[in-house]
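Visitor: Sequence first, then the predicted structure, then my questions.
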Amino acid sequence: MKGTNPFAFKFNTMALVLIPVAVGINYVGKLFASVLKLPLWLDSVGTILAAMLAGPWIGAITGLINNIIYGLTIDPGSAFYAITSVAIGLTAGILAYMGWTKNWTLAFLMGLVVALVAAIVSTPINILLWGGQTGNIWGDLVFAAIIARDLPLLLASFTGELVVDLIDKVATVLVSYIIYRSLPKRFLIAFNNENKTEKF
Amino acid sequence: MKVYTLYVPGKTYIHKMNPLTKLLYLAVAIAIPFIAPDPAITMACFLIGIFILGWAKVLHRVIYLLAMSILFISTIFIIQGLYYPGNTTPYLILGKLTFYKEGLIHAMVISFRLVNIMISASVLVLTTRPSDLISSAVRRGISPRLGYVMSSVLQIIPQMATTADTIMDAQKSRGLETEGNLKTRLKAYIPLLGPLVLGSLVSAQERAMALEVRAFNATGKRTFLQNEEDYTVSKAINAIIILALILTIIWRIYS
């Protein structure tokens, strides 16, 4: 998306109906990953796509609503990580506004930044709730290996989370990038907050 | 039919309670063990939770939820028992591994808290239809547009899951490999998700138009299709919950 101000807080109906669809894409993205038995979650493709299409705010709201609805329906614990999802949506939206959806290299870098932000935001939640563990087997192995060497808890927890997030978020952003690039142009205009060309 | 919500329909008083009261209970029951990190208080919180769940006749569902977190809880005990920074007193020695008392106590505090979160959240999640919670929130001042977005999510997920099945069958019939080595399976991901995204964006565009012609953006006060249930008792319960929170904070300050 390209506009004058990435934080322009204007929700047209298009942007608003994008939110539930994006939450649905998150759900189905995760569903396909588990059907294909991929070693990834890929559960935030929708959040990142929404951020790319309609800006940081819609991305952030998608993340928030995604985790609240999950918390209320199938996984109460996920509500705590709503802050992480909001951060993912904001970051992806801002970077997309800065033009990081132009080519593969930038999209890859976007994945790295999103992973870093996700890990930074998740670490305090992990420490507060479960003493620093990530709840993922690989993340917890890294966590245990670092903490066993008497290194600080913060470092152990952050590294454990980053190891998990790095692969997953880079893959998620790349998938979103491929889909975003292959969308017909009319969608890119329709979801834009500016909404100059198409007006309903 | 796949299950998209943990809600268990029922007719008990807990089911009929104001959803926002249950939300307040959830927030306070999770906050108390953090404000007052005393195992006895956490224990009291989750015994109250278990009592409420028993009353709502959904206790058996919680046991299933807790069973799923047993693996996580055991890793907490292993990691904290072995490596908790405050470890000094060996408690249990298994071969080369030494479990320390401090770490195990710390693990117990964390696990109690985890179980308390699961139980308190279950009180809300198992006994409240998500759409009822959303409509209660809209009555109390959440934007109706946001309320629409939230309840729309609940409808859209089952629809999209059905579409996902259709796309999977269609792509398989065109020869898409969904089994085999990791590379093959990775390559199948985009052909599955891509059509779904495109299709759902098209329907989103149609939905936006349909909403606009039905005055979705109209200003003014919204009315509700259904009358709100009588929740007078809820006010008293809300007061008790807030009192419990205040007492905990006072306890924390003076202890």
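Guide: Noted; the coordinates are in hand.
Visitor: what ranges do the helices span in chain A?
Guide: Counting by DSSP state H, chain A has helices at residues A:13-35, A:45-54, A:56-73, A:82-97, A:104-130, A:137-147, A:153-182, A:185-190.
Visitor: other SSEs contacting the fourth one?
Guide: Think helix A:82-97. helix A:45-54, helix A:56-73, helix A:104-130, helix A:153-182 (3 or more Cβ pairs under 8 Å, 6 or more residues apart in numbering or on different chains; DSSP states H and E). Heads up, the C-betas are built off the backbone N, CA and C, glycines and all.
Visitor: where in the chain is pLDDT low?
Guide: Went with chain A since none was named. A:1-10, A:192-200 (pLDDT under 70).
Visitor: other chain: chain B
Guide: Scanning chain B for pLDDT under 70 picks out B:1-3, B:230.
Visitor: Name the single longest helix found in it.
Guide: Assignment by DSSP H gives helix B:182-213 as the longest helix of chain B.
Visitor: near chain A, anything from that one?
Guide: Yes: using Cβ under 8 Å from any Cβ of the partner chain, helix B:182-213 reaches chain A at B:182, B:185-186, B:188-190, B:192-194, B:196-198, B:200-201, B:203-205, B:207-209, B:211-212.
Visitor: Please pick the buried ones from those.
Guide: B:185-186, B:188-190, B:192-194, B:196-197, B:200-201, B:204-205, B:207-208, B:211 (16 or more other Cβ atoms under 10 Å in any protein chain shown).
Visitor: if we can go back for a sec, what's the most buried one of the helices of chain A?
Guide: Mean neighbour counts were taken over these using mean count of other Cβ atoms under 10 Å in any protein chain shown, and the top value, a mean of 31, falls to helix A:45-54.
Visitor: before we move on, back to that, mind checking how far the longest helix of chain B is from the chain centre?
Guide: 26 Å (Cα atoms, centre = their mean, to the nearest Å).
Visitor: So which elements touch that helix?
Guide: Right, helix B:182-213 is packed against helix A:13-35, helix A:153-182, helix A:185-190, helix B:144-173 by 3+ Cβ pairs under 8 Å, 6+ apart.
Visitor: Doesn't B:E229 belong to a strand?
Guide: No: counting by DSSP: H, G, I helix; E, B strand; the rest coil, B:E229 is located in no strand; its state is coil.
Visitor: For burial, what's the neighbour tally of the residue of chain A found nearest chain B?
Guide: Nearest to chain B, among the residues of chain A, is A:P76, at 3.3 Å (Cβ to the nearest Cβ). Neighbours of A:P76 under the rule other Cβ atoms under 10 Å in any protein chain shown: 23.
Visitor: which one is it nearest to, not counting chain neighbours?
Guide: B:A121 (3.3 Å; Cβ to Cβ, 6 or more residues apart in numbering or on different chains).
Visitor: Distance check, that neighbour against B:K187.
Guide: 39 Å (Cβ to Cβ, to the nearest Å).
Visitor: When the two are compared, which one has more neighbours?
Guide: Neighbours were counted for B:A121 and for B:K187 using other Cβ under 10 Å; B:A121 has more, 23 against 14.
Visitor: Tell me who's in contact with the more buried one.
Guide: Counting by Cβ atoms under 8 Å, 6 or more residues apart in numbering or on different chains, B:A121 makes contact with A:G71, A:P76, A:G77, A:A79, B:L26, B:I30.
Visitor: returning to that earlier point: relative to B:V153, which of the helices and strands packed on helix A:82-97 is closest?
Guide: helix A:56-73 (5.1 Å; Cβ to Cβ).
Visitor: mind listing the helices for chain B?
Guide: B:13-16, B:19-35, B:39-55, B:59-68, B:70-83, B:101-127, B:130-139, B:144-173, B:182-213, B:232-254.
Visitor: Give me the residues contacting the fifth one.
Guide: Residues from elsewhere that reach helix B:70-83 (Cβ under 8 Å, 6+ apart): A:130-131, A:133, A:135, A:140, A:143-144, A:147-148, B:91-92, B:97-100, B:103-104, B:106-107, B:110-111, B:114-115.
Visitor: mind redoing it with 7 Å?
Guide: Contacts to helix B:70-83, defined as Cβ atoms under 7 Å, 6 or more residues apart in numbering or on different chains, come from residues A:130-131, A:133, A:135, A:140, A:143-144, A:147-148, B:97, B:99-100, B:103-104, B:106-107, B:110-111, B:114.
Visitor: Go through it and flag the buried ones.
Guide: Of all the residues in helix B:70-83, those buried under the rule 16+ other Cβ under 10 Å are B:F72, B:I73, B:T75, B:I76, B:F77, B:I78, B:I79, B:Q80, B:G81, B:L82, B:Y83.
Visitor: just curious, which of these is nearest to A:G55?
Guide: Using Cβ to Cβ, B:F72 is the member of the buried residues of helix B:70-83 that sits closest to A:G55, with 36.1 Å.
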